[in-house]
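1. sharing a model prediction with you, sequence too.
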Amino acid sequence: MTAPFDRSIKIAPSILAADFAAFGAECSAVEDQGADWIHVDVMDGHFVPNITFGPAMCAALRPHIRGVMDVHLMIAPVDPYIDAFAKAGADFITAHVEAGPHIHRTLQAIRAAGARPGVALNPGTPVETVAHLLDLVDLVCVMTVNPGFGGQSFIHSQLDKIAALREMIGDREIHIEIDGGVDPMTAPMVARAGADALVAGSAVFKGGSVSNPGVYGENIAAIRAAAEDALKTG
Ligand SMILES: O=C(CO)[C@H](O)[C@H](O)COP(=O)(O)O
Ligand SMILES: [Co+2]
């Protein structure tokens, strides 16, 4: 029997804001402190103006992540690397709709490789771009910053896009993930607009460390409570 679709609020710390010299311990620490998914930002210095890490890092992290590894590919091209990220143990592999001319084929290839496909949209990309991809994906990621860096300000104009996406998705079992500038102030807005997976880097890791992980727990709880309270009060 398959598990019912989980529409509850999920907090996905982005390790872009973690201590790069201690990624394994950082992943365990945020999971111990209540993280639902671990969000791994892969950047190539071409699709985005920053470079992080690749499939070897994901494979190294896998034993340190008990739950979901959510891999956000900010790379172009995507297709030559799909098998490597799937073999590295990624649960979700999200590719950008802007990363190439054949996103439909890319999403099929991610599923064929054994991972769950996601599609991400840059802030300047209209939501209609994913209308004909919804049958292929388990997740749509709405970027609320321009991808490439953590710690940027939330772009409020994306709230309408999230609400329109929620409408488009209807009762399909697709997660709406928000990435960029999510904190206890912005979490209520994205939750009300229809998001269920909230990526947060700076707002989770600020003030904490692997030797002081309780701060991560407080930060995660604050974002979750802000989002859940917004859903209760409407
Ligand atoms: O994909 C990303 C940037 O391209 C990151 O996931 C995102 O920026 C999270 O960091 P923060 O919460 O600090 O904005
Ligand atoms: Co990301």
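-> Good, I have the coordinates. Ligands and ions are numbered 1, 2, ... in the order given.
2. partners of W37 in the sheet?
-> Beta bridges link W37 to V68, judged by DSSP bridges.
3. ok, now which ones touch it?
-> 10-12, 67-70, 91-92, 197 (C-beta atoms under 8 Å, 6 or more residues apart in numbering). Every residue, glycine included, has its C-beta placed from N, CA and C.
4. try 6 Å this time
-> Taking C-beta atoms under 6 Å, 6 or more residues apart in numbering, we find W37 in contact with 10, 12, 68, 70.
5. L73 now?
-> 42, 95.
6. I'd like the next helix or strand past the host helix or strand of it.
-> If you go by DSSP states H and E, L73 is part of strand 68-74. The helix or strand immediately downstream of strand 68-74 is helix 82-87, counting by DSSP H and E.
7. what pLDDT, on average, does the strand holding L73 get?
-> Averaging pLDDT along strand 68-74 gives 99.
8. i'd like the first residue to be 49 from this point on
-> All set: I'll call the first residue 49, so the last point we hit is now strand 116-122.
9. quick check, distance from it to the centre of its chain.
-> Averaging C-alpha positions (C-alpha atoms, centre = their mean, to the nearest Å) puts strand 116-122 6 Å from its chain's average.
10. right, is it up against ligand 2?
-> Yes: counting by C-beta under 5 Å from the ion, ligand 2 has neighbours in strand 116-122: H120.
11. how long is stretch 151-169 end to end?
-> 12 Å (C-alpha to C-alpha, to the nearest Å).
12. that stretch: which residues count as buried?
-> 151, 154-155, 157-159, 161, 163-169 (16 or more other C-beta atoms under 10 Å).
13. go on, stretch 267-282?
-> 267-268, 270-272, 274-275, 278.
14. list the contacts of that stretch.
-> Against stretch 267-282 from outside (C-beta under 6 Å, 6+ apart): 57, 59, 81-82, 232, 235-236, 239-240, 248, 252.
15. now do stretch 245-265
-> Residues from elsewhere that reach stretch 245-265, judged by C-beta under 6 Å, 6+ apart: 58-62, 64-66, 70, 73, 77-78, 81-82, 87, 198-199, 223, 225-227, 230-231, 235, 267-268, 271.
16. would you mind checking those for buried ones?
-> 58-62, 64-66, 73, 77-78, 81-82, 87, 198, 223, 225-227, 230-231, 235, 267-268, 271.
17. ligand 2 next: which of those residues are close?
-> D227.
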